[in-house]
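Visitor: My questions are about this predicted structure, shown below with the sequence.
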Amino acid sequence: LISVYDYVRCFQVIGRDITERKQAEKELIRLSTAIRTTSDSVVICDPEFKIVDCNDAALQIYGTKNKNDLVGKNCFDFLAPEEVELALKDKDELMKKGFLRGREYRAFKKNCEIFPVEVSISLMKDKNNELTGFVTVTRDISERKKLEESVRLSEEKYRTLVENIDIGIFRNTGIDGKIIEVNRGWLKIFGYSSKKEVLGKNVIEVYCDPEDRKELNKKMVNKGFVKNMEVNLRKKDGTPFIGSITAVTIKDDKGNIKYYDCVIEDITERKNTENALWRKNKLILKKNRELHKAMKELKSAQNMLIQSEKMASIGTLAAGVAHEINNPLSYVSSNIKYIKKYVEKMENFIKELPEVFSKFPFYSEFSSEFQKIKNSYKIDFILEDLTSAINESIEGAERVKKIVQDLKSFSHPVVESMSYANINEGIETTLNIVWNELKYKAEVKKELGDLPEVYCNIQKLNQVFMNILVNAAQAIENHGIIKIKTYVKGENVFIEISDTGCGIPEKNLHKIFDAFYSTKEIGKGTGLGLSIAQKIIKEHSGIINVKSKVGKGTTFTIRIPVNGGKVK
Ligand SMILES: Nc1ncnc2c1ncn2[C@@H]1O[C@H](COP(=O)(O)OP(=O)(O)O)[C@@H](O)[C@H]1O
Ligand SMILES: [Mg+2]
């Protein structure tokens with residue numbers, strides 16, 4: 001205020017508090033700095049979406065340095081054409097809600113490159129609640145999208161791998177067993193058509209035997225896994241099959257079981273093949289054993305053949321020898337008979353001499369001389385001895401003749417013909433042949449009954465008797481008795497041959513008629529004798545039985561129907 005004297009008298013000072021304004025300015029600066037420096041694009045537009053302003057990040061995202069490339073343009077111009085429709089829908093929502101968060105669009109850069117963005121928009125209103133525009137915050141999400149895509153691709157890769165593999169893969173909630181994921185392989189194995197049918201079901205439903213599941217749970221809890229565990233499972237339609245399960249437990253942070261992740265395979269076919277293979281193998285082993293046995297038997301048969309070949313040639317030889325012996329034997333025996341007659345005559349002559357001489361003189365001298373000579377030559381003794389020697393020779397020759405005859409008939413090749421024959425005679429003939437085998441071993445006692453003639457092949461029956469008699473002699477260690485008894489009972493003839501030999505243990509009794517069963521050393525036994533005997537007796541519709549006691553002896557009994565050979 002200036003006084004009249006034109007000097008300043010005083011100052012009038014008007015003060016206003018601008019703290020608030022300063023504060024507001026500060027805030028404004030801070031905010032605009034924040035908007036300018038943020039890496040997200042911030043664009044402000046008017047109610048018609050015409051861009052009014054933007055920050056540097058917006059220029060950078062849209063690939064320009066010139067703000068005029070954005071300002072004045074419509075926001076929609078920066079959207080890819082196919083996004084406009086969606087954006088218009090979003091606009092309606094924006095107007096209703098007042099904001100939009102995290103919308104994804106594809107946008108244009110200045111160089112026409114399309115890129116993905118995430119947009120959040122808010123309405124701007126004045127004090128009177130009138131719409132003044134929008135704030136759009138946009139973020140370039142190319143990197144994120146790329147990452148997401150690669151995650152998706154990798155996830156898809158594994159998903160298709162898991163889905164398309166021909167093995168069943170599934171996850172359940174562990175001990176509870178609720179199925180929460182299965183692959184196509186699983187559906188195929190179990191015969192389900194969609195996952196919907198399966199998810200949520202309890203895995204126990206596919207087990208044939210709940211015990212199997214219990215067993216699996218036990219292992220999963222104790223060890224945390226199972227490997228190729230074989231279980232009996234069933235398909236949707238109930239068909240059972242054998243599954244092989246491999247599974248691991250998945251645990252949470254606290255160590256509680258969350259899931260079982262399992263792989264399952266249908267191994268029915270493999271099992272069947274394995275079983276078939278196993279059966280085949282067993283069969284091969286059996287066949288192998290049989291082959292071995294057959295080979296052994298073949299070897300024995302070969303030995304036997306050699307032996308019987310030998311026997312056959314001995315037989316032929318014997319027949320020849322018998323024939324050769326027969327000739328000289330017949331003249332020896334007829335000569336002996338003549339000699340006997342001649343000797344008788346000579347004896348008579350000598351006896352008559354003293355009487356003849358007594359009629360002549362000098363008789364007494366002669367008589368004593370004669371007696372002297374007679375004594376010195378032991379004529380009386382000779383005459384006596386000669387007679388018995390001749391008788392013995394005749395008997396011997398008879399015996400030789402009989403043996404030769406038997407030998408001849410025995411060594412004859414067997415003829416396949418039957419006729420009526422006397423069994424007792426057969427036994428006698430056989431005894432003659434085997435006498436040499438028996439005489440040092442046993443006293444042979446015969447009790448041969450009155451038998452009718454039997455319709456049979458006597459040569460073959462003789463072979464049976466021979467084997468039984470030889471067996472009997474071989475069973476006697478030092479000296480014993482062999483008894484032969486024959487009798488008739490009804491329509492049957494019985495032949496009993498018993499010995500006081502070593503006997504046969506009960507456990508071997510059923511084996512003795514088996515071909516090649518022999519307890520004798522090679523060369524002594526072929527094991528064929530009794531098996532052939534049984535065959536021959538069967539041909540006569542008869543039976544052969546054995547009774548034996550170890551240490552006591554053995555009795556073979558043969559029964560043949562009188563018309564045995566005919567009945568056959
Ligand atoms: N009288 C018997 N006493 C004891 N064992 C016998 C008698 N007869 C047969 N055996 C037993 O039966 C087996 C079979 O007899 P066999 O078939 O004649 O064959 P091999 O006499 O060649 O051994 C003999 O090895 C022997 O062990
Ligand atoms: Mg024998």
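Guide: On my side now, so go ahead. Ligands and ions are numbered 1, 2, ... in the order given.
Visitor: Residue of the stretch 51-200 of the chain nearest ligand 2, please.
Guide: residue 189 (67.3 Å; Cβ to the ion). To be clear about C-beta, it is placed using only N, CA and C from the backbone, and glycine gets the same treatment.
Visitor: same for whichever helix in the chain runs longest, what does it pack against?
Guide: The longest helix of the chain (DSSP state H) is helix 268-357. When contacts are defined as 3 or more Cβ pairs under 8 Å, 6 or more residues apart in numbering; DSSP states H and E, helix 268-357 packs onto strand 240-251, helix 363-376, helix 379-411.
Visitor: out of these, deepest packed?
Guide: Of all the helices and strands packed on helix 268-357, strand 240-251 has the most neighbours on average by mean count of other Cβ atoms under 10 Å, namely a mean of 17.
Visitor: sorry, back to before: please state the backbone phi and psi of the residue of the stretch 51-200 of the chain closest to ligand 2?
Guide: Note on residue 189: its backbone torsions stand at phi -60, psi -40 [degrees, to the nearest 10].
Visitor: wait, it sits on residue 266?
Guide: Yes: here residue 189 reaches residue 266: they are 5.1 Å apart, a contact under Cβ atoms under 8 Å.
Visitor: and residue 560, which of the three is it?
Guide: Look at residue 560: counting by DSSP: H, G, I helix; E, B strand; the rest coil, its state is strand.
Visitor: quick revisit: residues touching the residue of the stretch 51-200 of the chain closest to ligand 2, list them.
Guide: When contacts are counted by Cβ atoms under 8 Å, 6 or more residues apart in numbering, residue 189 is found next to 168, 235, 243, 264-266.
Visitor: that older thread, so, in contact with ligand 1 or not, the longest helix of the chain?
Guide: No: contact of helix 268-357 with ligand 1 (Cβ under 6 Å from any ligand atom) is absent, the minimum separation being 8.9 Å.
Visitor: could you give the mean pLDDT of that helix?
Guide: Per-residue pLDDT over helix 268-357 has a mean of 85.
Visitor: any idea how far that helix is from the chain center?
Guide: Chain-centre distance of helix 268-357: 48 Å, with Cα atoms, centre = their mean, to the nearest Å.
Visitor: any idea of the angle that helix forms with helix 379-411?
Guide: With axes from the mean of the first three to the mean of the last three Cα atoms, to 10 degrees defining the directions, helix 268-357 sits at 150 degrees from helix 379-411.
Visitor: okay, the angle between helix 268-357 and helix 363-376?
Guide: Calculated by the same axes, to 10 degrees, helix 268-357 forms an angle of 160 degrees with helix 363-376.
Visitor: circling back to that earlier point, any common contacting residues for residue 189 and residue 266?
Guide: Common neighbours of residue 189 and residue 266, using Cβ under 8 Å, 6+ apart, are 168, 243.
Visitor: Buried residues, stretch 549-562. List them.
Guide: Across stretch 549-562, burial judged by 16 or more other Cβ atoms under 10 Å covers 553-556, 558-562.
Visitor: same question, stretch 434-445
Guide: 434, 438, 441-442, 444.
Visitor: is the longest helix of the chain anywhere near ligand 2?
Guide: No: Helix 268-357 lies apart from ligand 2 when judged by Cβ under 5 Å from the ion; the minimum separation is 11.4 Å.
Visitor: picking up where we left off before, can you tell me which of the helices and strands packed on helix 268-357 comes nearest to ligand 1?
Guide: Shortest separation from ligand 1 across the helices and strands packed on helix 268-357 is recorded for helix 379-411, at 17.8 Å, computed as Cβ to the nearest ligand atom.
Visitor: how far is the closest one from where the chain is centred?
Guide: Worked out by Cα atoms, centre = their mean, helix 379-411 lies 74 Å from the chain centre.
Visitor: Who are the packing partners of the helix or strand following that helix?
Guide: Toward the C-terminus, helix 379-411 is succeeded by strand 419-421 as the next helix or strand (DSSP states H and E). Secondary-structure packing of strand 419-421 (3+ Cβ pairs under 8 Å, 6+ apart): strand 454-456, helix 458-475.
Visitor: for those, which one ends up most surrounded?
Guide: Most buried among these, given mean count of other Cβ under 10 Å as the contact rule, is strand 454-456, at a mean of 24.
Visitor: So which elements touch that strand?
Guide: strand 419-421, helix 564-567.
Visitor: Please identify the deepest-packed of the ones you listed.
Guide: helix 564-567 (a mean of 18).
Visitor: Name the residues of this structure found near ligand 2, please.
Guide: So the chain meets ligand 2 at 467, 471, 529 (Cβ under 5 Å from the ion).
Visitor: Take those and write them to CSV, including pLDDT.
Guide: Compiled in CSV, those are given as follows (pLDDT from 0 to 100):
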residue, pLDDT
467, 91
471, 94
529, 86
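Visitor: just those now: which is nearest residue 85?
Guide: residue 529 (111.6 Å; Cβ to Cβ).
Visitor: list the contacts for the nearest residue to the closest one once chain neighbours are set aside?
Guide: Nearest residue to residue 529, sequence neighbours excluded (Cβ to Cβ, 6 or more residues apart in numbering): residue 467, at 3.8 Å. Contacts for residue 467 were tallied using Cβ under 8 Å, 6+ apart; they are 529-530, 532-533.
Visitor: any chance you could map the helices in the stretch 101-250 of the chain?
Guide: Using DSSP state H, counting those that start in this stretch, the helices of the stretch 101-250 of the chain run over 142-164, 184-190, 195-198, 210-223.
Visitor: With mean pLDDT added, can I get these in CSV?
Guide: As requested, those are exported to CSV (pLDDT from 0 to 100):
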stretch, mean pLDDT
helix 142-164, 91
helix 184-190, 94
helix 195-198, 93
helix 210-223, 94
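Visitor: check contacts around the residue of the chain found nearest ligand 2.
Guide: Proximity of the chain to ligand 2 (Cβ to the ion) peaks at residue 529, 3.0 Å away. Shown in contact with residue 529 (Cβ under 8 Å, 6+ apart): 467, 470-471.
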